[in-house]
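Peer 1: Sequence and computational prediction follow.
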Amino acid sequence: MRILLTGAAGFLGSHICDRLLAEGHIVVGMDNFVTGNRENLVHLVRNKSFSFIRHDVSETITVRGKLDAVLHFASPASPNPASPFGYPNLPVETLKAGSLGTFNTLDLARVNQARFLFASTSEVYGDPLEHPQTETYWGHVNPVGPRSMYDEAKRFSEALIMAYFRSKGADTRIIRIFNTYGPRMRLDDGRVVPSFIQQALRGEPLTIYGDGLQTRSFCYVDDLVDGIYRLLLSDEHLPVNIGNPSETSILDFAETINRLTGNAAGLNFSTDKRMDSDPQRRCPDISRAKSLLSWEPRVGLEEGLMHTINSFKEQLGMK
């Protein structure tokens, strides 16, 4: 297939490029580098099956030649307000990527009679009252809260996509992505994995907001990309959770990273009020992914973390 991937220079986008190319497809990457990193695509410059367009998806999209699939992954993704790349600091850009960007990519897919896949998020569930979260759960979301620009952009996109599917016959797919980690994450994006690993590698105490009892499920990027690819090839049109159902507290996660890096500096507990909207529990029910896609994560947490730690060491110039 010839595939357009928006957000191609991002952490996830660059890994998806690699998988699509490895499967023999032709990839047209698109990014405006607001949060994407050029370095993530350097290794693809000489690949004849890869081309790149610098463009903002909130503007009309034109791609020469026939497309067989459109994957819309363009959006700021970090919830950390301390990061310049977090969606709290890019609120309008986040909303435009998840509204105008979705309109534009959907229309492009429809004109090309191409299959369409949208990167949604576990954030559509908000601070959930159901555990683990199933795709039929409608969520517990604050539409005007400090995280609303991301939550509502994704929820709007899902509604728009289903409208295109039901009224226009668009060939659409929606993946709800839970916490994912791995090489090529921005060191400065403020998410918990790069933040903890950097602090640990520098011999600093790891900063935990609140009591650390809030939980997350961490999926290694290779597993996630495999789920994305399986969904792309499927005929499923309703949302599908992709993530690791193994739930861990932030406190236990921090202690694991300190142990794997040999960091003896311990932990530092913060009461930063900017993190008050942080959901307390987040864990996917992946029953649909198992039954529809024959997918489940295979990389263990410690194995994935070691790959990530070694990658971060290289980025930081450490042996």
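Peer 2: Perfect, thanks for sending it.
Peer 1: Remind me which helix or strand residue 103 belongs to.
Peer 2: Residue 103 is located in helix 100-111, with elements delineated by DSSP states H and E.
Peer 1: got the contact list for that helix?
Peer 2: Counting contacts by CB atoms under 8 Å, 6 or more residues apart in numbering, the residues outside helix 100-111 that touch it are 4, 6, 57-61, 63, 67, 69-70, 72, 74-75, 114-116, 118, 156-157, 160-161, 164, 168, 170-172. C-beta here means a position set from N, CA and C on the backbone, and glycine is covered the same way.
Peer 1: What pLDDT is listed against the residue of the chain most remote from its centre?
Peer 2: Seen from the C-alpha centroid of the chain, the residue lying at the greatest distance (CA atoms, centre = their mean) is residue 264, 30.8 Å away. As summarised for this prediction, residue 264 has a pLDDT of 95.
Peer 1: and it, what element?
Peer 2: Counting by DSSP H and E, no helix or strand carries residue 264.
Peer 1: Who are the packing partners of the lengthiest helix in the chain?
Peer 2: Once the chain is assigned using DSSP state H, the helix that runs over the most residues is helix 148-168. Applying 3 or more CB pairs under 8 Å, 6 or more residues apart in numbering; DSSP states H and E, one finds that helix 148-168 contacts helix 91-97, helix 100-111, strand 115-121, strand 172-177.
Peer 1: what's the closest of these to residue 302?
Peer 2: strand 172-177 (21.7 Å; CB to CB).
Peer 1: now the angle between helix 100-111 and that closest one, please.
Peer 2: 140 degrees (axes from the mean of the first three to the mean of the last three CA atoms, to 10 degrees).
Peer 1: Check which element follows strand 172-177 along the chain.
Peer 2: Sequence order places strand 180-181 as the next helix or strand after strand 172-177, per DSSP H and E.
Peer 1: Quick check: which helices or strands does that next one pack against?
Peer 2: Under the contact rule (3+ CB pairs under 8 Å, 6+ apart), strand 180-181 is packed against strand 219-220, helix 221-233, helix 301-315.
Peer 1: ok, now which ones touch the nearest residue to residue 188 once chain neighbours are set aside?
Peer 2: For residue 188, the nearest residue in space outside its immediate sequence neighbours is residue 83; the separation is 6.4 Å by CB to CB, 6 or more residues apart in numbering. Residues in contact with residue 83 (CB under 8 Å, 6+ apart) are 89, 188-191.
Peer 1: Ok, residue 127 next?
Peer 2: Taking CB under 8 Å, 6+ apart, one finds 140-142, 277, 279-280 in contact with residue 127.
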